[in-house]
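Q: here is my input, please return the structure:
(chains A and B)
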Amino acid sequence: MIIETGHFALLLALAVAAYQMVVPLYAATRGDERLMRVAASSAVMQFLLLCLSFAVLTWAYVTSDFSVLNVWANSHSAKPLVYKISGVWGNHEGSMLLWVLILALFSAAVAIFGTNLPPGLRARVLSVQGSISFAFLSFIVLVSNPFLRLDQVPAQGKGLNPILQDPALAIHPPLLYAGYVGLSVAFSFAIAALIEGRVDAAWARWVRPWTLAAWMFLTVGIAMGSWWAYYELGWGGWWFWDPVENASFMPWLIATALLHSAIVVEKRNALKVWTILLAILAFSLSLIGTFLVRSGVLTSVHAFAVDPERGVFILLILCLFIGGALALYAWRAPSLQAGGLFSPISREGALVVNNLLLTAAAAAVFIGTLYPLVLEAINGTKISVGPPYFNFTFGILVLPLLVLVPFGPMMSWKRADAWAATQRLWAAALIALAATLIPVIAQVRGPWLAPLGIGLGAWLIAGSLVELAGRIKLFQAPFTTSLARLKGLPGQAIGMTLAHLGVGVMVLGVVAVTAWREEIGVAMKPGDVTEIAGAKITFKGESPLTGPNYSATVGRFSVETGNRVVSELTSEKRIFLPSRQPTTEVGIHSFWTGDLYVAMGDEAPGGGRNVRAYFNPLVTLIWIGSVIMFIGGGISLMDRRYRIGAPKRAATAAVPAE
Amino acid sequence: MTRKQQRSAFIVSGLVILGLAAALVLTALKDTIVFFYTPSEVVEKKVEPGVRFRLGGLVKDGSIEKLAGAKVRFTVTDTDKTLVVDYDGTLPDLFREGQGVVTEGKLLPSGVFEADTVLAKHDENYMPKEVADALKEKGVWQEGDKKAQ
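A: Purely as a prediction, here's the structure:
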């Protein structure tokens, strides 16, 4: 009965979505303000219904109700509670339900917080949101229903893939989806603007916080996934250019470009047509990304053969939204009023360069990810495009971007003096030079490019700090004045400084771990000692362990530096029930200089264990950098200017400065 | 600067970057593409030693052999032809006898495939896609097996 309630709520939500899609759009066209208001209430209603539906599915998982096909196929009664809950979105059907739930959450948020929007715009935005929701709810109800029942109730479920039973991976999908789906708001705003034929500074100011929120979730979601891959897969790598990773990375790149171009629309009323295109592309890539991962389009073109309905349905939705949006764009964009002028050397110009490089990088990743798919569809040749391709193309496109980052904020709007901007960065340049020399003087072995990479990271960090120092007149005015100025800085300025600084921190980590990583693989018997990066690792022996739904062998290691034991590490080999699938839990000790990473392998032929140890210098900086970017986004989002003195549209269209 | 000049500057710089990106992508694709073969295809296509490719199939039952160090030797089969693979590194946890596997590396003149990567997918399906396709062609593996464990 409870299951049917959830199912029924899902069907009701579908009906509400249909209503939300049609009625507000019609009302907005007719200018009927009273009727437009149903957009907000139906968005909230739809969210509540989907909450109920999702809660019911979660309940079915928590109580291990194996009469539900989805629960039986993906859960097991011996699983710890937290993984029963995360199991809800650890499978295709449940994850799609989570996807629409988050979509509805964003719609409801627009409905509730968007009271300062012009009624017509709000109605149209919510109507577009409703149409996305309608498409996906139809998909769920028709071909991907999580509430289907089994006639005969099995005694036990089949279990969740053990490597998904991990705290980071439990929260990784919801974060990532919040990012993907959050971009739908920017998309809906873009479509609404195209229908209205009007884009202005106020529009950009409404769109930006939503894009920023989505971008923050994407950033931390991707970082979380990479962190998980790092400690769970047992190879010590943090990014593999796997199609699944690329699927989330492409929308991130475009969302980053969109964040920057929306600033130009907001401040200078220029780049409007381009910004609309980015908003459409960002969400289109989210849609593609979701399905590359979830539908198996990429891991298997033949998913269509497995379940033709599902594959075709997915393609239909993709074509409808991406094609429809681009067609509308081609038709309406030329009629948008052109905005302010600027010289190539200006803040606007710098942001254009940022945009061009980011989109080019996204395009390179896109081609590399989808080329094998297309080639196989055309002539059946199976190929793979691996890390060398991505490292090369992405690296070449992103390097100049990173070098130029500190210049951007130094440029003034409209027309800037490049030489003056360069002069203001002399301190940062000195610091970068010093940082480049550190590994050279310390005579660290490794590729000759590595010191330059370290210099680049330092350049980014120092560049953003120098910019901040300039703003608060540090060392130019009394310290108290500087402090007062710092307090008075708008959130957006601090947010930008932190985000750029975060990129620099991440670059340091990426360069260090790529260039100076150490790895050894040895067979060890209890008592054996091996050495890596100046640390002595002793294998102390192994013992059995029984977990809730697995049995494990625990290997104990002690780590010594300078004859002092600094850490006792354990690494486990787990065998999960009921699939008998093994997983590895690695032991990690973080030094200031990097991570010591120990993974215990299978039994070695002559007795003992195969052990792999890595030293990953500064690897933690990769995730610290992401977190700094996330915090920067958050501070920017808190900026009062988004709320107080809320943007109002000029009564008449502003006359463009000609 | 007039509006027209600005627009053309925008378009020209866009095209330059796009052209650069396209050139990059094309050269990189040419040099880094790796083909996927099953053991039968390796024989059919007469793959030369030293050429990088991906080899996929099933790990033959009883073929896993631990060598000195952390090295391991196993046989990949598509039930028709087989190929011996040497690998020095950590095997993914999903690596098992009788299961699908994708390895990347090159043939040695001796005819042994020297792999530097052994891949396992971390999705709900335990079978790498290319392997599933190849095995379907051979008629050894049916869709229904996918969910069975």
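Q: quick one: secondary structure of residue A:541?
A: strand (DSSP: H, G, I helix; E, B strand; the rest coil).
Q: could you measure from it over to chain B?
A: 19 Å (C-beta to the nearest C-beta, to the nearest Å). Placement of C-beta: from N, CA and C, glycine included.
Q: could you do residue A:253 as well?
A: Residue A:253 is 13 Å from chain B, by C-beta to the nearest C-beta.
Q: average model confidence for the helix or strand that residue falls within?
A: Assigned by DSSP states H and E, residue A:253 falls within helix A:243-268. Averaging pLDDT along helix A:243-268 yields 92.
Q: same deal with stretch A:192-204?
A: Averaged across stretch A:192-204, the pLDDT comes to 90.
Q: starting at the chain centroid, how far to that stretch?
A: 26 Å (C-alpha atoms, centre = their mean, to the nearest Å).
Q: which parts of the stretch 51-200 of chain A are helices?
A: Applying DSSP state H, counting those that start in this stretch to the stretch 51-200 of chain A gives helices spanning A:69-74, A:81-86, A:92-113, A:119-143, A:167-196.
Q: wait, which of those is closest to residue A:583?
A: helix A:167-196 (11.7 Å; C-beta to C-beta).
Q: what comes up buried for the closest one?
A: A:168-195 (16 or more other C-beta atoms under 10 Å in any protein chain shown).
Q: still on that earlier bit, need the helices of the stretch 51-200 of chain A in TSV (columns: distance to chain B).
A: TSV is the format used below for the helices of the stretch 51-200 of chain A (distance: least, C-beta to the nearest C-beta, whole Å):
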stretch	distance to chain B
helix A:69-74	7
helix A:81-86	14
helix A:92-113	8
helix A:119-143	17
helix A:167-196	9
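Q: what would these look like in CSV with distance to residue B:7?
A: Shown next, in CSV, are the helices of the stretch 51-200 of chain A (distance: least, C-beta to C-beta, whole Å):
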stretch, distance to residue B:7
helix A:69-74, 53
helix A:81-86, 50
helix A:92-113, 33
helix A:119-143, 28
helix A:167-196, 20
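Q: so, low pLDDT: which residues of chain A?
A: Along chain A, the parts satisfying pLDDT under 70 run over A:294-309, A:578, A:643-658.
Q: just give me the residue right at the centre of it.
A: residue A:218 (2.2 Å; C-alpha atoms, centre = their mean).
Q: how about chain B?
A: The centre of chain B sits closest to residue B:54, judged by C-alpha atoms, centre = their mean, with a distance of 3.5 Å.
Q: pull the helix or strand with minimum mean pLDDT from chain B.
A: Lowest by mean pLDDT, DSSP states H and E among the helices and strands of chain B is helix B:129-138, with a mean of 63.
Q: related to what we said a few turns ago, let me know the helix or strand that the residue nearest to the centre of chain A is in.
A: Applying DSSP H and E as the criterion places residue A:218 in helix A:201-232.
Q: and that helix, what does it pack against?
A: Secondary-structure packing of helix A:201-232 (3 or more C-beta pairs under 8 Å, 6 or more residues apart in numbering or on different chains; DSSP states H and E): helix A:167-196, helix A:243-268, helix A:272-294, strand A:581-585, helix A:620-637.
Q: quick one: buried residues of that helix?
A: Applying a neighbour-count criterion of 16+ other C-beta under 10 Å, one finds A:201-232 buried in helix A:201-232.
Q: can you give me the strands in the stretch 401-550 of chain A?
A: Listed in chain order, the strands of the stretch 401-550 of chain A (DSSP state E, counting those that start in this stretch) span A:518-524, A:529-532, A:535-546, A:550-561.
Q: take the ones you listed and write them to CSV, including mean neighbour count.
A: Compiled in CSV, the strands of the stretch 401-550 of chain A are given as follows (neighbours: other C-beta atoms under 10 Å in any protein chain shown):
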stretch, mean neighbour count
strand A:518-524, 18
strand A:529-532, 15
strand A:535-546, 16
strand A:550-561, 18
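Q: out of those, the one nearest residue B:3 is which?
A: Using C-beta to C-beta, the strands of the stretch 401-550 of chain A put strand A:518-524 closest to residue B:3, at 56.9 Å.
Q: anything in the closest one near chain B?
A: Yes - Strand A:518-524 reaches chain B (C-beta under 8 Å from any C-beta of the partner chain) through A:521, A:522, A:523.
Q: mind listing the helices for chain B?
A: B:3-32, B:39-44, B:129-138 (DSSP state H).
Q: same for the longest one, what does it pack against?
A: The contact analysis (3+ C-beta pairs under 8 Å, 6+ apart) places helix B:3-32 against helix A:347-379, helix A:387-404.
Q: and the next element down the chain from the helix or strand hosting residue A:313?
A: Residue A:313 belongs to helix A:308-318 when assigned by DSSP H and E. Using DSSP H and E, the helix or strand that follows helix A:308-318 in sequence is helix A:324-332.
Q: buried residues in that next one, which are they?
A: Applying 16+ other C-beta under 10 Å to helix A:324-332 flags A:325, A:328, A:329, A:332 as buried.
Q: okay, that helix in PDB with CA atoms only?
A: What follows is helix A:324-332, C-alpha atoms only, in PDB (Å, rounded to 0.1, in the frame of the first residue of the first chain):
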ATOM      1  CA  GLY A 324      14.600  22.700 -29.800                       C
ATOM      2  CA  ALA A 325      16.700  25.100 -27.800                       C
ATOM      3  CA  LEU A 326      19.200  25.600 -30.500                       C
ATOM      4  CA  ALA A 327      16.500  26.100 -33.100                       C
ATOM      5  CA  LEU A 328      14.800  28.700 -30.900                       C
ATOM      6  CA  TYR A 329      18.200  30.300 -30.500                       C
ATOM      7  CA  ALA A 330      19.000  30.400 -34.200                       C
ATOM      8  CA  TRP A 331      15.600  32.000 -34.800                       C
ATOM      9  CA  ARG A 332      15.400  34.500 -32.000                       C
END
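Q: give me the contact list for it.
A: Residues outside helix A:324-332 that contact it (C-beta atoms under 8 Å, 6 or more residues apart in numbering or on different chains): A:187, A:190, A:191, A:194, A:195, A:197, A:276, A:277, A:280, A:284.
Q: mind checking what secondary structure residue A:342 has?
A: Look at residue A:342: counting by three-state DSSP, its state is coil.
Q: how much space between it and residue A:259?
A: For residue A:342, the distance to residue A:259 equals 19 Å [C-beta to C-beta, to the nearest Å].
Q: which of the two has more neighbours?
A: Neighbours per residue (other C-beta atoms under 10 Å in any protein chain shown) separate residue A:342 from residue A:259, with residue A:259 holding more: 25 against 22.
Q: does that one touch residue A:209 like I think?
A: No - shown here, residue A:259 and residue A:209 do not form a contact pair, counting by C-beta atoms under 8 Å, at 10.4 Å.
Q: how about the residues of the stretch 251-400 of chain A near chain B?
A: Within reach of chain B by C-beta under 8 Å from any C-beta, the stretch 251-400 of chain A has these residues: A:296, A:299-300, A:302, A:305-306, A:338, A:341-344, A:352-353, A:356-357, A:360-361, A:363-364, A:367-368, A:371, A:381-386, A:388-389, A:392-393, A:396-397.
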